[in-house]
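Participant: Below are the sequence and a predicted model; questions follow.
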Amino acid sequence: MSTGQTLVFDGVTKHFGPVAAVEGLDFTVEPGRVTGFLGPNGAGKTTTLRMLLGLVAATSGTATIGGKAYRDLENPMRVVGASLEAAFHPGRSGRAHLAVTAAAAGIPRDRVTAVLEQTGMAPYADRRVGGYSMGMRQRLGLATALLGDPGVLVLDEPINGLDPEGIRWIRSFLQALAAEGRTVLVSSHLLSEVQQTVDDVVVIAGGKLRYVGTLAALEGTSTANGSVVDTPDRAVLIAALEAAGHDVRVEAEGLVVELAPVEVGRIALAAGVALSALAASGAGLEDEFLALVADPERAAEGGRQR
């Protein structure tokens, strides 16, 4: 594995004719953390990621990986793995797609088997991609990004199309990659999708920066008084919460309860339940996120706005 690298966006701007798609973005993405790159559809997220990867030339400013532009990296797939608008030949198998990609990048063929196992795609590797579900395509895109065992992962909407089990899997998977010291940058148009995954948050809207900071700081600005929690022992936790007088809803992101996270944790501990996820309820936090992207003059306390 190559080491994680710091990503630096310095005044990154992109104009398409008279249209400013991205305007003066300044932020840094650090190794060992999962950073959520958030904003509504059309905010400029994909354009920004494409500039980082050298697929689109910036009008001005720079986006660097460990101090270098993507075009200046030696063996770039060993430094940066990316999944942006992934396209697959429908007649090829997942294994064949990975083998062709690895050969073109000079990556040993044994990495194909490794990433198939790593992403849970080994049982489906010899099926044609045209028959894959959206979730399987997402996993194949992630497997492609991991072929070079890179220290940097750049993933565009990786949770899109996943079922609840797939969402739980990718959350823990991305956190494990960051724990290895990798740099993980994940885009999404929904804060609720990545709330239980990310450490840091970058919010853009209309191509402009709205917020840069930790998720904890953004959570501190919300008025949420509930929790989203998950565990392999859902039935036990539900019973414990209900016994304490709290209603529990089962949602795609986990169990939702109108109770502060610290109290949920206390009840789980008393019941002997190990938690896989626990966060403030998305209602208040999502409201803060929506306010950030809707109001160009608003900056959340604890972060910064350009």
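Facilitator: Here it is on my side, so go on. What you see is a predicted model; the values in this text were computed from it and never measured.
Participant: Count the residues that sit near A243.
Facilitator: Using other CB atoms under 10 Å, A243 is surrounded by 10 other residues. C-betas here are computed from N, CA, C, even on glycine.
Participant: Could you give the backbone dihedrals for it?
Facilitator: With angles defined as degrees, to the nearest 10, A243 sits at phi -60, psi -30.
Participant: any idea how far it lies from V236?
Facilitator: Separation of A243 from V236 (CB to CB, to the nearest Å) stands at 11 Å.
Participant: Also R249?
Facilitator: For R249, the distance to V236 equals 17 Å [CB to CB].
Participant: Spatially central residue for the chain, please.
Facilitator: Residue closest to the average C-alpha location in the chain (CA atoms, centre = their mean): V186, at 2.8 Å.
Participant: which regions of the stretch 151-300 of the chain lie under the pLDDT threshold?
Facilitator: Applying pLDDT under 70 to the stretch 151-300 of the chain flags the ranges 220-225, 282-286, 295-300.
Participant: where do the helices sit along it?
Facilitator: According to DSSP state H, counting those that start in this stretch, the stretch 151-300 of the chain carries its helices in the segments 164-179, 191-194, 215-219, 234-243, 261-271, 282-294.
Participant: helices or strands next to the third one in the packing?
Facilitator: If I follow you right, that is helix 215-219. Counting contacts by 3 or more CB pairs under 8 Å, 6 or more residues apart in numbering; DSSP states H and E, helix 215-219 packs against strand 200-205, helix 282-294.
Participant: what sits against G4?
Facilitator: Residues in contact with G4 (CB atoms under 8 Å, 6 or more residues apart in numbering) are P31, G32, G151, V152, G181, R182, T183.
Participant: Out of the residues you listed, which two sit at the greatest distance?
Facilitator: G32 and V152 (11.6 Å; CB to CB).
Participant: any shared contact partners between the two?
Facilitator: Taking CB under 8 Å, 6+ apart as the criterion, G32 and V152 both touch G4, R182, T183.
Participant: In space, what's closest to the first one - neighbours in sequence excluded?
Facilitator: If I follow you right, that is G4. In space, and not counting its chain neighbours, G4 is closest to P31: 2.8 Å by CB to CB, 6 or more residues apart in numbering.
Participant: For burial, what's the neighbour tally of that neighbour?
Facilitator: When neighbours are counted by other CB under 10 Å, P31 registers 18.
Participant: got it, and A57?
Facilitator: When neighbours are defined as other CB under 10 Å, A57 has 8 of them.
Participant: circling back: what about the residue nearest to G4, distance to V184?
Facilitator: P31 sits 9 Å away from V184, going by CB to CB.
Participant: so what's L191 closest to, chain neighbours aside?
Facilitator: In space, and not counting its chain neighbours, L191 is closest to F289: 4.3 Å by CB to CB, 6+ apart.
Participant: OK, contacts around that neighbour?
Facilitator: By CB under 8 Å, 6+ apart, F289 lies in contact with L38, L191, V203, L218.
Participant: mind checking how far it is from L215?
Facilitator: Using CB to CB, we find F289 at a distance of 11 Å from L215.
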